[in-house]
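Asker: pasted the sequence and its predicted model underneath.
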Amino acid sequence: MKIVVQGFGVVGAATALNIVSSKNFKNNYKVHCIEKKNLAGVNKIENARMGKFPIETTDKSMSIALKKALEKKKITFGFDTNQYSKADIVIVSINCDLKSKNKINLKEFVKSFSEIINNISSNTLILIESTVPPGTCEKLLYPIMKKNLKKRKISLSKVFLAHSFERVTPGNNYLNSCKNTFKVYSGINKSSEKKCYNFLKTIVNFKKYPLIKLKNITSSETCKLMENSYRALNIAFIDEWVKFSENINIDLLSVIKSIKMRDTHKNIMLPGIGVGGYCLTKDPLFTKIASKQIFKLKNMDFPLSTKAVKLNKKMPDTSLEFIKKNVGFSLKKKKILFYGITYKENIGDIRHSPTVDLAKKLRKLKCDVFFYDPLIKVIKDKNIKFYDIKTKKLNFDLKILTVKHKETHSKTFFKKFTSDKGIIFDLNNVLSFDKIALLKKRNSPIFILGR
Ligand SMILES: NC(=O)c1ccc[n+]([C@@H]2O[C@H](COP(=O)([O-])OP(=O)(O)OC[C@H]3O[C@@H](n4cnc5c(N)ncnc54)[C@H](O)[C@@H]3O)[C@@H](O)[C@H]2O)c1
């Protein structure tokens, strides 16, 4: 069976490798991945052909799976849209971006969908796994599908459309998280739903994580947006409590720890530097926009989801104020090192990274800013330079921990990072209670956000 994946990014690459490696590579799937023929796309494809996974990650199983799939000739890559004509299943894993805070770039998404519709053959399932605004499949894609298939004299009943969003967790458990997850799905009609169910069953651990069918395709689209809006809101909630606690001398982390003891309050968030990444910065805005852009509904303002995005974007300011308040000297011309530049741990993705944001704010205060990250060596802003902590001395005015990459758990890392000079700031719960206690015992200067 031939599966074509449109988009070889953070999600598409993981999806492709999850499919080929299902049943320990003993399946009948051959996957072809299609990318855009621009510089970034060509780079991804050329590297993948040589066995290099497109995103740096601590999850080694990704590159192992890629190499094995190449060896077994189960995966190929390219740019030719004609490949859609040979597919039994096409999976759409491309980006659907915000154009502005009030508009989604649906034109681009629909254009990419047309590339598929203009090429596919009868008996193909199109499975949308991208996060799209509610109504996209039913109100935008399906009408295009009807019109174009008619033109191409392909029966509408022979092409199937379903939505099942991706719940991957990029990071240390990246590949596993594709298989071991409760997949939600729905189809535009019963036959699409059935095709989708039969396929998903073969690529996820459905006995432990049963598939969840929703009433219709718009419910599936909405589900992803609601779950991400909830998470963004949950994170935003903590900011006002951090600000409050900084003024009244309490240990907020211990307060939260005791709240978490209650079963109903387990997922309250800890203080942190803020929210980054591709999804939580845009998804909570999608439904409000779709209400107007797609459903023409009035007065659907989604005040909480909108406010959550705003608050989360400003969260690095809370960290900046925390630093300013505690250093006790002017930050001008001070030498600062960040440990961790990615938006989250164990994945080399810096989209909307709150650390980059904070680093830029410190640059504006005329600080000399450096970073070390095991997964990223260069960022766009050339004024924020990579500093190799593995080979150099660590004499800085401030050393700021922002990302809990896997290596931060090791004794070697702790020894190195706390050697030489510098006030340590932990803005994201990177150090364990024991390590903090040790530093305090040594009278090392350390400040922890939320304590
Ligand atoms: N990143 C995550 O953790 C995550 C998790 C769950 C869901 N999602 C959702 O999955 C979707 C993809 O996200 P991502 O993080 O992988 O984005 P990405 O930018 O990493 O990857 C998207 C890829 O699609 C390619 N592309 C765009 N149009 C194309 C076309 N017409 N033909 C071929 N390739 C094309 C782009 O070049 C890019 O490489 C988004 O809707 C996102 O919201 C992301």
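Answerer: All right, it came through fine. None of the values given here were measured: they were computed from a predicted structure. Residues are numbered from 1 along each chain as shown.

Asker: tell me which parts of the stretch 51-200 of the chain are close to the ligand?
Answerer: Applying Cβ under 6 Å from any ligand atom, we find that the stretch 51-200 of the chain lies next to the ligand at 93, 94, 95, 96, 112, 115, 130, 131, 166, 168, 170. For every residue, glycine as well, the C-beta is placed using N, CA and C.

Asker: please repeat the previous calculation with a cut-off of 5 Å.
Answerer: Contact residues, the stretch 51-200 of the chain versus the ligand (Cβ under 5 Å from any ligand atom): 94, 95, 96, 112, 130, 131, 166, 170.

Asker: quick one, what contacts the closest residue to the ligand within the chain?
Answerer: In the chain, the residue that lies nearest the ligand is residue 9 (1.7 Å; Cβ to the nearest ligand atom). Residues in contact with residue 9, defined by Cβ atoms under 8 Å, 6 or more residues apart in numbering, are 44, 54, 55, 93, 94, 95.

Asker: now the end-to-end length of stretch 402-414.
Answerer: 14 Å (Cα to Cα, to the nearest Å).

Asker: turn the residues of the stretch 51-200 of the chain next to the ligand into TSV, including secondary structure and neighbour count.
Answerer: Listed next are these as TSV, based on DSSP: H, G, I helix; E, B strand; the rest coil; neighbours: other Cβ atoms under 10 Å:
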residue	secondary structure	neighbour count
94	coil	24
95	coil	17
96	coil	20
112	helix	19
130	coil	24
131	coil	21
166	coil	22
170	coil	24
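
Asker: what residues of stretch 222-231 count as buried?
Answerer: Residues of stretch 222-231 classed as buried by neighbour count (16 or more other Cβ atoms under 10 Å): 222, 223, 224, 225, 226, 228, 229, 231.

Asker: stretch 288-302 too?
Answerer: 288, 289, 290, 291, 293, 294, 302.

Asker: quick check, the longest helix along the chain touching the ligand?
Answerer: Ranked by residue count, the top helix of the chain under DSSP state H comes out as helix 217-248. No: Helix 217-248 lies apart from the ligand when judged by Cβ under 5 Å from any ligand atom; the minimum separation is 7.1 Å.

Asker: that helix: what's the following helix or strand?
Answerer: helix 252-260 (DSSP states H and E).

Asker: give me the contact list for that following helix.
Answerer: Under Cβ under 8 Å, 6+ apart, the answer for helix 252-260 is 241, 242, 245, 265, 266, 268, 270, 271, 429, 448, 450, 451.

Asker: how about the first one: what's its closest non-neighbour residue?
Answerer: Same thing as residue 241. Leaving aside its sequence neighbours, residue 241 sits nearest to residue 252 (Cβ to Cβ, 6 or more residues apart in numbering; 6.2 Å).

Asker: tell me which other helices or strands the longest helix of the chain touches.
Answerer: strand 159-163, strand 184-187, helix 252-260, helix 283-293, helix 303-327 (3 or more Cβ pairs under 8 Å, 6 or more residues apart in numbering; DSSP states H and E).

Asker: what's the average pLDDT for that helix?
Answerer: Mean pLDDT, computed over helix 217-248, is 96.

Asker: and the angle from it to strand 159-163?
Answerer: Calculated by axes from the mean of the first three to the mean of the last three Cα atoms, to 10 degrees, helix 217-248 forms an angle of 20 degrees with strand 159-163.

Asker: and the angle from helix 217-248 to helix 303-327?
Answerer: 30 degrees.

Asker: now the angle from helix 217-248 to helix 252-260?
Answerer: Going by the same axes, to 10 degrees, helix 217-248 makes 130 degrees with helix 252-260.

Asker: returning to that earlier point: among the helices and strands packed on helix 217-248, which comes closest to residue 341?
Answerer: Among these, helix 303-327 comes nearest to residue 341, with 12.8 Å by Cβ to Cβ.

Asker: from residue 364, how far out is the residue nearest to residue 316 when sequence neighbours are not counted?
Answerer: With Cβ to Cβ, 6+ apart as the criterion, residue 316 has its nearest non-adjacent residue at 4.1 Å, and that residue is residue 358. Residue 358 sits 11 Å away from residue 364, going by Cβ to Cβ, to the nearest Å.

Asker: compare the two (neighbour count), which wins?
Answerer: residue 358 (25 against 8; other Cβ atoms under 10 Å).

Asker: what residue spans form the domains of the protein?
Answerer: 2-214, 251-273+314-448 (automatic domain parsing).

Asker: for the first one, how far is the first residue from the last?
Answerer: Between the opening and closing residues of domain 2-214 there is a gap of 27 Å (Cα to Cα).

Asker: can you check the last one too?
Answerer: Between the opening and closing residues of domain 251-273+314-448 there is a gap of 10 Å (Cα to Cα).

Asker: cool, and stretch 294-308?
Answerer: Start-to-end, stretch 294-308 (Cα to Cα) is 23 Å.

Asker: what lies in contact with it?
Answerer: Contacts of stretch 294-308 (Cβ under 8 Å, 6+ apart): 133-136, 139-140, 229, 232-233, 235-236, 284-285, 287-288, 291-292.

Asker: try stretch 32-42
Answerer: 2-8, 12-13, 16, 44-45, 48, 75-81, 83-84, 86-87.

Asker: tell me how far the residue nearest to residue 316 lies from residue 272.
Answerer: 12 Å.

Asker: give me the common contacts of these two.
Answerer: residue 427.

Asker: what residues does the stretch 351-451 of the chain have near the ligand?
Answerer: So the stretch 351-451 of the chain never meets the ligand (Cβ under 5 Å from any ligand atom).

Asker: what about the helices in the stretch 351-451 of the chain?
Answerer: For the stretch 351-451 of the chain, the helices defined by DSSP state H, counting those that start in this stretch cover 354-364, 411-417, 433-441.

Asker: only the buried residues of the last one, if you could.
Answerer: The neighbour-count criterion (16+ other Cβ under 10 Å) identifies 435, 436, 439 as the buried residues of helix 433-441.

Asker: now the last one. Nearest residue, chain neighbours left out?
Answerer: If I follow you right, that is residue 439. Counting by Cβ to Cβ, 6+ apart, the residue nearest residue 439 is residue 446, at 4.9 Å.

Asker: ok, now which ones touch the one you found?
Answerer: Contacts of residue 446 (Cβ under 8 Å, 6+ apart): 423, 424, 425, 426, 436, 439, 440.

Asker: where do the strands sit along the stretch 51-200 of the chain?
Answerer: 75-78, 89-92, 98-100, 103-104, 124-128, 159-163, 184-187 (DSSP state E, counting those that start in this stretch).

Asker: average model confidence for the second one?
Answerer: Looking back up the chat, that one is strand 89-92. 98.

Asker: now swap in the last one and tell me
Answerer: Taken as a whole, strand 184-187 has a mean pLDDT of 98.

Asker: adjacent strands (with direction) for that strand?
Answerer: Partners of strand 184-187 in the sheet, by DSSP bridges, are strand 159-163 (antiparallel), strand 212-213 (parallel).

Asker: since that was my last question, I'll sign off now.
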